[in-house]
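Undergrad: Model the structure of this input:
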Amino acid sequence: MSRYLITGGAGFIGSALALRLLKANHEVHIIDFENCIERLGDKLIGAVLHCGDISQPSTFEMLPRGSYEIAFHMAAQTSARVSEENPIFDIDSNIKGSYNFCKWARQSKPKRAAFTSSMAVYGSHGDNINEDAPLNPVSVYGITKKAGEDFFKILSKDGVHSSIYRLFNVYGPGQDFTNMKQGMLSIFIAQAIVSGEIQVTGSLERYRDFVFIDDVLNALLIDSGEPGIEVFNVGNGTSITVQELCNIIVSKIDEKIKIIETDSHRGDVFGNYSDISKLLSLGWEPTIDIEQGINSTLSSAIEVLR
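TA: Alright, predicted model coming up:
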């Protein structure tokens, strides 16, 4: 049995990762806000829960001393729209939080430190983006994620082996279907079920790279073992337009659902998709296509919303 830390372990990806590690009989420590942990209920029985704010250095003082196999830093404000509405919260959570995590990791020396970054660091780079592409974030959220990456690069120079995972559009069961500002696919599904229409901010011709939660978890546990720091794109390696995405959702719920275009919001990009050849070379590959993934996500949403 190994010990793991997950900041943001009560969130969508963090709680899914924690559940997988618990099922493998590992010791899992979670840091998250008290209200987020309360929403988990009995989902993560066996995890050691630490209520706290990662923007406060004292939060990390709650953690037990000793060896950690992997310390995952996943806690963040993750909505580009919210980052434009409340940039100070992004700075506190994403920049101060990442700094405090790296300060703790520098002292505690986990065997590996892993950071969930975002495609947002690339900005409007375009198609088939590889990990060496220049970083040019166009949103406050993307800027804060780039800052987090920089802290991890410093951490690796201080002797802590580190991994950065640039996540593209992650989706699947367990998303918050009541949050209308985060997660394009989950928002569209929730709108379709609740109101009978899908409101699209921006052009229907925009395109995205969607990757299913189970495939993301598989990626987060992969590392080449090379010293220093490594960066991985985590996507499906293909794109789908917003129009195509909406059409699939409508076909599975009700053909009468209306699709309505509205104005785009600041910080949005027209389209991008990932070059995932680096992870492919290590034996990882996406296993769930968009049709399968939407079926699974839709079943989860119906349980929550109906």
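Undergrad: how far does the longest helix along the chain sit from the chain's center?
TA: If you go by DSSP state H, the chain has its longest helix at helix 140-157. Relative to its chain's centre, helix 140-157 lies at 15 Å (C-alpha atoms, centre = their mean, to the nearest Å).
Undergrad: Start the count at 43 instead of 1 going forward.
TA: Understood, numbering begins at 43; the last thing we discussed is helix 182-199.
Undergrad: Tell me the buried residues in that helix?
TA: 182-191, 193-195, 197-198 (16 or more other C-beta atoms under 10 Å). (Each C-beta comes from the backbone N, C-alpha and C, glycine too.)
Undergrad: Which residue ranges of the chain form helices?
TA: 54-65, 76-82, 122-127, 129-132, 139-150, 182-199, 226-237, 255-262, 284-295, 319-322, 332-347.
Undergrad: OK, contacts around residue 161?
TA: Contacts for residue 161 (C-beta atoms under 8 Å, 6 or more residues apart in numbering) come out as 171, 208-211, 251, 275, 277, 314, 316.
Undergrad: So, low pLDDT: which residues of the stretch 243-348 of the chain?
TA: Where the stretch 243-348 of the chain drops to pLDDT under 70, the residues are 309.
Undergrad: go with 80
TA: Along the stretch 243-348 of the chain, segments meeting pLDDT under 80 span 306-310, 348.
Undergrad: Give the closest residue to residue 198 in space, chain neighbours not counted.
TA: residue 271 (3.7 Å; C-beta to C-beta, 6 or more residues apart in numbering).
Undergrad: Could you chop the chain up by domain?
TA: Domain assignment of the chain by automatic domain parsing yields the ranges 45-212+254-276, 213-251+280-311+330-347.
Undergrad: Take these and write them to TSV, including distance to residue 324.
TA: As requested, these are exported to TSV (distance: least, C-beta to C-beta, whole Å):
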stretch	distance to residue 324
domain 45-212+254-276	5
domain 213-251+280-311+330-347	19
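Undergrad: which of those is buried the deepest?
TA: domain 45-212+254-276 (a mean of 19; mean count of other C-beta atoms under 10 Å).
Undergrad: What distance separates the opening and closing residues of that domain?
TA: 24 Å (C-alpha to C-alpha, to the nearest Å).
Undergrad: How about stretch 60-74?
TA: One end of stretch 60-74 to the other measures 13 Å (C-alpha to C-alpha).
Undergrad: contacting residues around the residue sitting furthest away from the middle of the chain?
TA: Residue farthest from the centre of the chain, counting by C-alpha atoms, centre = their mean, is residue 298 at 32.1 Å. Residue 298 makes contact with residue 238, according to C-beta under 8 Å, 6+ apart.
Undergrad: That one and residue 125: what is the separation?
TA: Using C-beta to C-beta, to the nearest Å, we find residue 298 at a distance of 35 Å from residue 125.
Undergrad: Over to residue 141?
TA: Distance of residue 141 to residue 125, given as C-beta to C-beta: 17 Å.
Undergrad: so where's the stretch 43-192 of the chain uncertain?
TA: 83, 121-125, 167-168.
Undergrad: 90 instead?
TA: Residues of the stretch 43-192 of the chain that meet the criterion pLDDT under 90 lie in 43, 76-85, 119-129, 131-132, 166-170.
Undergrad: I'd like the distance between residue 205 and residue 70.
TA: 18 Å.
Undergrad: can you check residue 101 too?
TA: 17 Å.
Undergrad: check contacts around residue 86.
TA: Residue 86 neighbours (C-beta under 8 Å, 6+ apart): 51, 57, 60-61, 64, 70, 72.
Undergrad: An error on my part: the question was meant for residue 120.
TA: Contacts of residue 120 by C-beta under 8 Å, 6+ apart are 53, 160, 183, 224.
Undergrad: Torsion angles phi and psi at it?
TA: When quoted as degrees, to the nearest 10, the phi and psi of residue 120 stand at phi -120, psi 10.
Undergrad: End to end on stretch 67-77, go ahead and measure it.
TA: Using C-alpha to C-alpha, the two ends of stretch 67-77 sit 26 Å apart.
Undergrad: what's it in contact with?
TA: So stretch 67-77 is contacted by 43-53, 56, 60, 63-64, 79, 86, 88-96, 101-102, 104-106, 111, 117 (C-beta under 8 Å, 6+ apart).
Undergrad: for stretch 254-269, same thing?
TA: With C-beta under 8 Å, 6+ apart, stretch 254-269 has contacts from 54-55, 58-59, 62, 112, 114, 154, 156, 158, 203, 205, 207, 209, 212-216, 272, 274, 276, 278, 321, 324-326, 328-330, 334-335, 338.
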